[in-house]
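Engineer: Here you go, sequence then predicted model.
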Amino acid sequence: MPLRPENLIKALFRDTRDLIGIADKDRTIVTVNRSFQDAFGYAEEEILGRNTKVLYADEGTYDALGQDRFHPDAVDRQDMYRVSYRKKNGDTFVGETRSVVIYDEQNRVDGFIGIIRDVSEAVERELFFMEIAKLSSDADLPLDRRIQSLLSVSQSYLKTSAAIVVAHEPVAYLFGQNPVLCSLRPSLEDSGLTCREMLDLHRQAFANGHRGAGLQIEPVPEDLARSVTEPLTVDGEEFGCLHLLSSRPDTETSDRVSEVKKLVGMTIASHIKLAQQNNALELRQAHFRTLYRKTPAIMHSIDQSGVLTEVSDEWLKALDYERDDVIGRKSSDFLTPASRQDALRVIPKFWADGFVNRFPYTFVSRQGLPIEIELSAVLNPDKTSLAVLENVTERNAAQRELQEKNRALERANEELRQFAFVASHDLQEPLRKIQSFCDLLEEALNDGDTEEIFYAMSVVRNAAERSSELISDLLSYSRAGNRSFTVTACDAKATIGEVLEDLSRMIANAEASVNLDIGTPEIIADRPAFVQLLRNLVNNGIKYRRPDIKPEVNIGFEHQAGTDLLTIRDNGIGIDPKYFQTIFEPFKRLHSQSEFEGTGIGLAICKKIADRHGWTIEVETAQEGGSVFSVNMPRQTQDDVPAP
């Protein structure tokens, strides 16, 4: 006899594991299958005739579904959705639901069929895996808290009594003071047992073959009857064990437990391995940092934008800073403006070559003192750089001092050469004249020629005076170069007034005029030397005058960027530009003795005085005729004046 379709449908409806319920268009339940009754805990007579609202965990879901799927004008809907349902005893579960609309002959909604599948375990599993992933990805969690959270999630998901991790000795240091971590059921937490005591009880129970025999702490809690253990292993290296303790008889065989113990065990082992590697890396970094900072060398590291990321202790000592004052600032912040410009020029070459060797910079200490540095640096693959800086301040100062001494020696040698020239030429000239006219005088005396006698005596007297003048000026030149200097702040206007007072008779006799345009400047100088320089320049301006014009001397003083400029302008005979350098050499005269008296030493003394102060002196021809002497005096302190 063939099977009747209606019987097959009834059997399928009655015995399927899915929960099936049918409601009319008012959402009143008209029939349910056996699985539906078992799942919700209602007998058939308890549920039939009731509204489907009783099945939902919250009314909001009921109302939302009514608007979306159970509205009388709804079209045919058969998509899946998840709903939280409430059982008769108040427990809830998640059901994956498919609803089918039933139509009458006029194609109007007549009722609904709901097919529900309990997916609570699947949902719980999804949430479990999401929580495991979340805990694994939280980079801020320390290892012990991360493992504690993983154990807690696992113990809650498996509903075991306890989840315990015991770390092996080699990695126990990663857990601080407690290499045993666990998550317990509240009833076990209330027992007062520690994690290790709980594990020891469990082990003793199994070692004795039955629970409770020979234990130091009795009774053994029922929850410790069974155990699953998973070694914490990564790449063949074992870090400890994961223990899941439970009274459930299926603990060892449950697919869920097997899956969880492997996943959580592997996750915990991976995090221990990562923590071990991170700890080793931190130790190496700490060792490198200590070595870096304590190395007796001035070093710094900078990132791609030129910001300091690390400096050695010697760096801080050299520039007198604290580490917190410099880390995070640009290295160029500690350079002089000139060195910043130098850095801009060398950086493109550094990026191209990947290194720079012994490049000179000048850093500035906290007190504002210049620190002369030779910097050598290498470019790392990540575009950061490591630089070693050699403090060459003292070396450069010694080199400059040596160079200055060499220049002084060269000047001394030049002066000796000039002295030798004077001794062999200028001083010999009047002596030869004296010798020659002494012979003439002797002849005149023998002949009784009175006129020749007086003439020879006059020439000898003039030659002797000339020789005396040369020797006196030579001594003045020598003193200008060798006399000890005492530099002080000088009132330039008052000093010039003193010089003009000393030259007042010469000025009056020459009917000269001297004009001042200097304000009230103050300079750093050796006052007697400055007076002599002024006296010689003003004297020259009056002496070398044109016969048809009254002499006029204009003295000016001008403040410029970083320097002061003293000018002495005259309207005299002027100087041929080809002699602008020669006139500052000792005993270099452009005119005969009969034209202008003198030895040619005055301007040489001025040059000597200017050199010793670190000034420069120059001459040029004035546009209206005459000469302009300019003394350029860099603005400085008493300590800046070169040592004599």
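Structural biologist: That came in fine, so what should we check first? Numbers count the residues shown, from 1 in each chain.
Engineer: Could you pull up phi and psi at Leu316?
Structural biologist: With angles defined as degrees, to the nearest 10, Leu316 sits at phi -60, psi -40.
Engineer: My error: substitute Ser627 in the last question.
Structural biologist: The phi/psi pair for Ser627 (degrees, to the nearest 10) reads phi -130, psi 150.
Engineer: residue contacts, it?
Structural biologist: 541, 544, 569-570, 572, 574-575, 619-621 (C-beta atoms under 8 Å, 6 or more residues apart in numbering). C-betas here are computed from N, CA, C, even on glycine.
Engineer: Could you list the domains of this structure?
Structural biologist: Following automatic domain parsing, one finds the domains of the chain at 5-118, 124-280, 297-386, 484-644.
Engineer: Which of these comes out lowest on mean pLDDT?
Structural biologist: Among the domains of the chain, domain 124-280 carries the lowest mean pLDDT, a mean of 73.
Engineer: Could you list the paired strands of the top strand by length along the chain along with their orientation?
Structural biologist: As assigned by DSSP state E, the longest strand anywhere in the chain is strand 92-103. As defined by DSSP bridges, the strand partners of strand 92-103 come to strand 80-86 (antiparallel), strand 109-118 (antiparallel).
Engineer: Restrict it to CA atoms and write it as PDB.
Structural biologist: C-alpha atoms of strand 92-103 as PDB (Å, rounded to 0.1, in the frame of the first residue of the first chain):
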ATOM      1  CA  THR A  92      16.200  32.300  27.000                       C
ATOM      2  CA  PHE A  93      17.800  30.900  23.900                       C
ATOM      3  CA  VAL A  94      18.600  32.200  20.400                       C
ATOM      4  CA  GLY A  95      16.600  30.800  17.600                       C
ATOM      5  CA  GLU A  96      17.300  31.100  13.900                       C
ATOM      6  CA  THR A  97      13.800  31.500  12.500                       C
ATOM      7  CA  ARG A  98      12.200  31.300   9.100                       C
ATOM      8  CA  SER A  99       8.600  32.500   8.800                       C
ATOM      9  CA  VAL A 100       6.300  31.500   5.900                       C
ATOM     10  CA  VAL A 101       3.100  33.400   5.200                       C
ATOM     11  CA  ILE A 102      -0.100  31.400   4.600                       C
ATOM     12  CA  TYR A 103      -2.700  32.800   2.100                       C
END
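Engineer: Tell me which helix or strand the residue nearest to Asp313 when sequence neighbours are not counted sits in.
Structural biologist: Once flanking residues are discounted, Asp313 sits nearest to Arg293: 5.1 Å by C-beta to C-beta, 6 or more residues apart in numbering. Counting by DSSP states H and E, the element that carries Arg293 is helix 255-294.
Engineer: Check which helices and strands that helix is in contact with.
Structural biologist: Here helix 255-294 touches helix 120-137, helix 143-158, strand 162-167, strand 226-234, strand 237-246, strand 308-311, going by 3 or more C-beta pairs under 8 Å, 6 or more residues apart in numbering; DSSP states H and E.
Engineer: what's the next secondary structure element after it?
Structural biologist: Using DSSP H and E, the helix or strand that follows helix 255-294 in sequence is strand 298-302.
Engineer: Convert the C-alpha atoms of that next one to CSV, please.
Structural biologist: Only the C-alpha atoms of strand 298-302 are listed here, as CSV (Å, rounded to 0.1, in the frame of the first residue of the first chain):
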residue,chain,number,x,y,z
ILE,A,298,79.2,62.4,22.4
MET,A,299,76.4,60.7,20.4
HIS,A,300,72.9,61.4,19.3
SER,A,301,70.2,59.7,17.2
ILE,A,302,67.6,61.5,15.2
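Engineer: So what are the sheet partners of that strand and their directions?
Structural biologist: Strand 298-302 has these strand partners (DSSP bridges): strand 308-311 (antiparallel), strand 385-391 (antiparallel).
Engineer: Which stretch among these approaches Ser152 most closely?
Structural biologist: strand 308-311 (39.3 Å; C-beta to C-beta).
Engineer: The residue nearest in space to the middle of the chain pairs with what?
Structural biologist: With distances taken as C-alpha atoms, centre = their mean, Leu308 lies nearest the centre of the chain, 2.0 Å away. Using DSSP bridges, the bridge partners assigned to Leu308 are Ile302.
Engineer: and among the helices and strands packed on helix 255-294, the most buried is which?
Structural biologist: Most buried of the helices and strands packed on helix 255-294, by mean neighbour count (mean count of other C-beta atoms under 10 Å): strand 162-167, with a mean of 25.
Engineer: looking just at contacts, which helices and strands does that one meet?
Structural biologist: helix 143-158, strand 180-184, helix 195-207, strand 237-246, helix 255-294.
Engineer: Run the angle between it and strand 180-184 for me.
Structural biologist: 170 degrees (axes from the mean of the first three to the mean of the last three C-alpha atoms, to 10 degrees).
Engineer: so what strands line up beside strand 162-167?
Structural biologist: When DSSP bridges is applied, strand 162-167 pairs with strand 180-184 (antiparallel), strand 237-246 (antiparallel).
Engineer: Which one, of the ones you listed, ends up nearest to Leu319?
Structural biologist: strand 237-246 (46.8 Å).
Engineer: Measure how that closest one sits relative to helix 255-294, angle-wise.
Structural biologist: Using the same axes, to 10 degrees, strand 237-246 lies at 140 degrees relative to helix 255-294.
Engineer: Now do Leu386 against Glu401, distance only.
Structural biologist: Per C-beta to C-beta, to the nearest Å, Leu386 is found 33 Å from Glu401.
Engineer: circling back to that earlier point, output the contacts of Ser627 in TSV; the columns should cover secondary structure.
Structural biologist: What follows is these, written out as TSV (DSSP: H, G, I helix; E, B strand; the rest coil):
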residue	secondary structure
Gly541	helix
Tyr544	coil
Arg569	strand
Asp570	strand
Gly572	coil
Gly574	coil
Ile575	coil
Val619	strand
Glu620	strand
Thr621	strand
